[in-house]
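Colleague: quick check, what structure comes out for this input:
(2 chains)
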Amino acid sequence: MSPGLSYVVIRSHALMGDLLTPGQMRALTEQESLEGFIEYLARTPYGRISVEMEGDTSLALEKVFYQKFIERMMGIVDLAPANIGDFLHSYYYLRFEVINLKRIIRGKFSGIPVSQIMESLIPITPYRVESYEEIVEMGAFEEAVRRLEGTPYSSLVSTLELSERYDAIWPVEIALNHLSASAVFKSLERLPQGGRGLVRRIVQTEADVENFLVAAKQRGAGERAHGAEEMFPATYGIGLDKLREAMEVGDVGPVIQGLDRPYNEILAPLYEGDVALIRSRLRQHIYETVRRGRAANDFGFNVVMAYLVFSEIEKDDLVGIGWGMTQGIASEDIIKYLAIPNFA
Amino acid sequence: MSATTGVRPTKGYLMEMKRRIGFIERGTEFLKLKRDHLAKELTTSIDVLKGRRSKLLEDLRIAYRAVTAAYISLGPTEVKSQASSIKSRLELEVLPRSIMGVRYPYIKVEKEPQITGELDITLSEAAEKVLGILDDILQLAEFEARAERIADELGKTNRKVNALENTIIPSYRQVIKFIEDKLDEESLEELVRMKLIGGALARRRE
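Modeller: Below is the predicted model of the structure:
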């Protein structure tokens, strides 16, 4: 273990204590009001957060939780030794940048004002582009995509033709997903042997589930199913044949039942009728995978990954709880879509 | 002030009053017909509304649950961002329609939103659920507005009928009776006067 890695592992161990326990997450969900939620949060390592009660409070809360996660993530990723740092940068900075680029492209596509697009971005410093403002300030959606020429996102320009043909942005979004996924897999090779397996399991499961969701959304679109190779250039546990089948059939139930574990369990809500449960099951699966990975090796990269993954899932859950609180949703209706409280 | 104040007790005025009351009574009969028809329409509308409303509330509950799940699962900013990418939005035109002279809004869907392709499957399913009941929501809104306008008109018509039956028509009748009494009185006076003159003339001839 390199000295650099030792420091990051020890730091991750220390910071793990700042994470909320499943019990605390459940208690937060069970608060009767937003004020109660903020009050309870003040008694945790989050401390007292200040949120503007005017306007959309859920958006303000989401920003706070993202900010906290980014601080935690930067506190580890920026200190990690080069080989691990490469992967973590791709996994976090690149992934968030891709989300921001998607939001910019969507905003430009529908002609949303610049200020609103900027407001919707994850507060992170640009990673592979020079500035988000420059892209946002472009006139039309096509110009915004062309502005990416000369950056690692140059390949997006070639998807513009397809976008124009369908008057849609999904070709650009799919290309962005592939760019992000391939960069993550490329950087995986540099990870230490021990951690590679854990990360590969997480990344592959995420990619497979996302692929299947895209395929399931296209179900019934027979002629598009022939383009499955272009739509899914990288497949892992769920092969192209299964994805093609999902696109061709009307009922995906038998296709999902024919998949191996954990995919058949994660994707079951697709035919049970509650699609939103898929993402919470995916998060629960990742949480469990990382927990087991950490149990197997509590002194290596797995701990770093566990801290970051737990932090991100905590952030996603808190964003969900925050939104539910502002809308006055009953706790049992919130909990089932969360990951961490279900381990309480 | 009495209904008979300023009334000219002439035969011409009596005829005019009788013509007017005949017209008012026919109008009242029409208004009563309108009132009965509106009441029938309203009763039917309320029965239909009750059934449709409870079904729509159940469908809305299901759709709202799906939207809630999408928000919790994806986060509010992502939901807003994805939703903003839908170019083809719902376009409506509100046109006037009329039943028994009661105008109510009729909602015409000019363009339905196209949600395929741009949204995450969670949001897409929620949007499909909302889109699936959109027609029902619009129809119910239209039906509620119609029932509300019918109820308003029924109230107005009822007030008019009551005013005509209990105030206007009785006051006209009172005027007519007053003129008829006056005219009877005058003709009796005239008869007495004629008799007196006749008697005086007869006495002079003797």
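Colleague: which ones are touching the residue of the stretch 51-200 of chain A found nearest chain B?
Modeller: The stretch 51-200 of chain A approaches chain B most closely through A:R106 (3.8 Å), counting by C-beta to the nearest C-beta. Bear in mind the C-beta positions are built from the backbone N, C-alpha and C, glycine included. The neighbours of A:R106, taking C-beta atoms under 8 Å, 6 or more residues apart in numbering or on different chains as the test, are A:112, A:169, B:81-82, B:84-85, B:118.
Colleague: a strand runs through it, doesn't it?
Modeller: No. A:R106 is assigned helix when assessed by DSSP: H, G, I helix; E, B strand; the rest coil, not a strand.
Colleague: ok, the residue lying closest to it once chain neighbours are set aside - contacts?
Modeller: Sequence neighbours aside, B:S85 is the residue nearest to A:R106 in space, at 3.8 Å (criterion: C-beta to C-beta, 6 or more residues apart in numbering or on different chains). Neighbouring residues of B:S85 by C-beta under 8 Å, 6+ apart: A:106, A:109-110, A:169, B:118-119.
Colleague: before we move on, the earlier item: which of the contacts of A:R106 sits closest to B:N166?
Modeller: B:S84 (60.6 Å; C-beta to C-beta).
Colleague: ok, and the closest non-adjacent residue to the closest one?
Modeller: In space, B:S84 is closest to A:S110, 4.8 Å off (C-beta to C-beta, 6+ apart).
Colleague: wait, what's in contact with the one you found?
Modeller: B:84-87.
Colleague: where does the chain have low pLDDT?
Modeller: Just going to use chain A. Applying pLDDT under 70 to chain A flags the ranges A:1-3, A:220-226, A:344.
Colleague: I was thinking of chain B, sorry if that wasn't clear
Modeller: B:1-3, B:116-118.
Colleague: next, name the residue at the spatial heart of it.
Modeller: B:E153 (1.7 Å; C-alpha atoms, centre = their mean).
Colleague: list the contacts for it?
Modeller: Applying C-beta under 8 Å, 6+ apart, the residues near B:E153 are B:38, B:100-102.
Colleague: go again using 10 Å as the cut-off
Modeller: Residues near B:E153 by C-beta atoms under 10 Å, 6 or more residues apart in numbering or on different chains: B:34-35, B:38, B:41-42, B:99-104.
Colleague: ok, which stretches of chain B are strands?
Modeller: B:91-99, B:102-111 (DSSP state E).
Colleague: tell me which of the ones you listed is the most buried.
Modeller: Counting by mean count of other C-beta atoms under 10 Å in any protein chain shown, strand B:102-111 has the highest mean neighbour count of the strands of chain B, with a mean of 13.
Colleague: now the residue in chain B positioned nearest to chain A: closest residue in space, sequence neighbours ignored.
Modeller: Among the residues of chain B, B:A69 lies nearest to chain A; the distance is 3.3 Å by C-beta to the nearest C-beta. Residue nearest to B:A69 in three dimensions, not counting chain neighbours: A:A276, with 3.3 Å by C-beta to C-beta, 6+ apart.
Colleague: contacting residues for residue 53?
Modeller: With no chain named, the answer covers chain A. A:34-35, A:38, A:60, A:326.
Colleague: not what I meant, chain B
Modeller: B:R53 touches B:140, B:143-144, counting by C-beta under 10 Å, 6+ apart.
Colleague: need the longest helix for chain B.
Modeller: Longest helix of chain B, by residue count under DSSP state H: helix B:11-74.
Colleague: ok now that one, how far from the chain's centre?
Modeller: Taking C-alpha atoms, centre = their mean, to the nearest Å, one finds the center of helix B:11-74 at 7 Å from the center of the full chain.
Colleague: can you check stretch A:48-62 too?
Modeller: Using C-alpha atoms, centre = their mean, the offset of stretch A:48-62 from its chain centre is 22 Å.
Colleague: quick check: buried residues in that stretch?
Modeller: By neighbour count on 16 or more other C-beta atoms under 10 Å in any protein chain shown, the buried set for stretch A:48-62 is A:49, A:51, A:57-62.
Colleague: thinking again about what came up before, tabulate the contacts of A:R106 (CSV), appending distance to A:Y127.
Modeller: Listed next are the contacts of A:R106 as CSV, based on distance: C-beta to C-beta, whole Å:
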residue, distance to A:Y127
A:I112, 23
A:I169, 21
B:S81, 19
B:Q82, 22
B:S84, 23
B:S85, 23
B:E118, 25
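Colleague: any idea how far B:D181 is from the closest residue to B:K182 other than its chain neighbours?
Modeller: Among residues not flanking B:K182 along the chain, B:P9 sits closest, at 3.6 Å (C-beta to C-beta, 6+ apart). B:P9 sits 8 Å away from B:D181 when distances are taken as C-beta to C-beta, to the nearest Å.
Colleague: more neighbours: which of these two?
Modeller: Higher neighbour count among B:P9 and B:D181: B:P9, with 16 against 12, using other C-beta atoms under 10 Å in any protein chain shown.
Colleague: quick check, that one in contact with B:S187.
Modeller: No. Counting by C-beta atoms under 10 Å, B:S187 is not a contact partner of B:P9; they are 11.5 Å apart.
Colleague: tell me which of the contacts of A:R106 is nearest to A:E97?
Modeller: Closest to A:E97, out of all of the contacts of A:R106 and judged by C-beta to C-beta, is B:S81, at 14.6 Å.
Colleague: doesn't A:E62 make contact with that closest one?
Modeller: No. With contact defined as C-beta under 10 Å, B:S81 does not reach A:E62; the gap is 11.7 Å.
Colleague: find residues that contact each of the two.
Modeller: Common contacts of B:S81 and A:E62 (C-beta under 10 Å, 6+ apart): B:G75.
Colleague: A:P233: helix or strand, and which one exactly?
Modeller: Element membership for A:P233, per DSSP states H and E: none, as it lies in no helix or strand.
Colleague: over to A:V319?
Modeller: Under the criterion of DSSP H and E, A:V319 resides in helix A:301-327.
Colleague: report the angle between that helix and helix B:11-74.
Modeller: 170 degrees (axes from the mean of the first three to the mean of the last three C-alpha atoms, to 10 degrees).
Colleague: so which bits of helix A:301-327 are buried?
Modeller: Going by 16+ other C-beta under 10 Å, helix A:301-327 has these buried residues: A:301-327.
Colleague: next one: stretch B:133-140
Modeller: Here stretch B:133-140 shows B:133, B:138, B:140 as buried, counting by 16+ other C-beta under 10 Å.
Colleague: and that stretch, how far from the chain's centre?
Modeller: 24 Å.
Colleague: check stretch B:74-94 too.
Modeller: The answer for stretch B:74-94 is 38 Å, by C-alpha atoms, centre = their mean.
Colleague: just the C-alphas of that stretch, formatted as PDB.
Modeller: Extracted in PDB, the C-alpha atoms of stretch B:74-94 (Å, rounded to 0.1, in the frame of the first residue of the first chain):
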ATOM      1  CA  LEU B  74     -34.100  11.700  -9.400                       C
ATOM      2  CA  GLY B  75     -34.200  14.900  -7.300                       C
ATOM      3  CA  PRO B  76     -36.100  18.100  -8.100                       C
ATOM      4  CA  THR B  77     -33.400  19.800 -10.200                       C
ATOM      5  CA  GLU B  78     -33.000  16.800 -12.500                       C
ATOM      6  CA  VAL B  79     -36.800  16.400 -12.900                       C
ATOM      7  CA  LYS B  80     -37.100  20.100 -13.800                       C
ATOM      8  CA  SER B  81     -34.200  19.900 -16.200                       C
ATOM      9  CA  GLN B  82     -35.600  16.800 -17.900                       C
ATOM     10  CA  ALA B  83     -39.100  18.200 -18.100                       C
ATOM     11  CA  SER B  84     -37.800  21.400 -19.700                       C
ATOM     12  CA  SER B  85     -36.300  19.400 -22.600                       C
ATOM     13  CA  ILE B  86     -39.800  18.500 -23.800                       C
ATOM     14  CA  LYS B  87     -40.300  20.900 -26.700                       C
ATOM     15  CA  SER B  88     -43.800  19.900 -27.700                       C
ATOM     16  CA  ARG B  89     -45.900  21.200 -24.900                       C
ATOM     17  CA  LEU B  90     -49.600  21.000 -24.200                       C
ATOM     18  CA  GLU B  91     -51.500  23.600 -26.200                       C
ATOM     19  CA  LEU B  92     -55.200  24.400 -25.400                       C
ATOM     20  CA  GLU B  93     -57.900  26.600 -26.800                       C
ATOM     21  CA  VAL B  94     -60.800  27.600 -24.600                       C
END
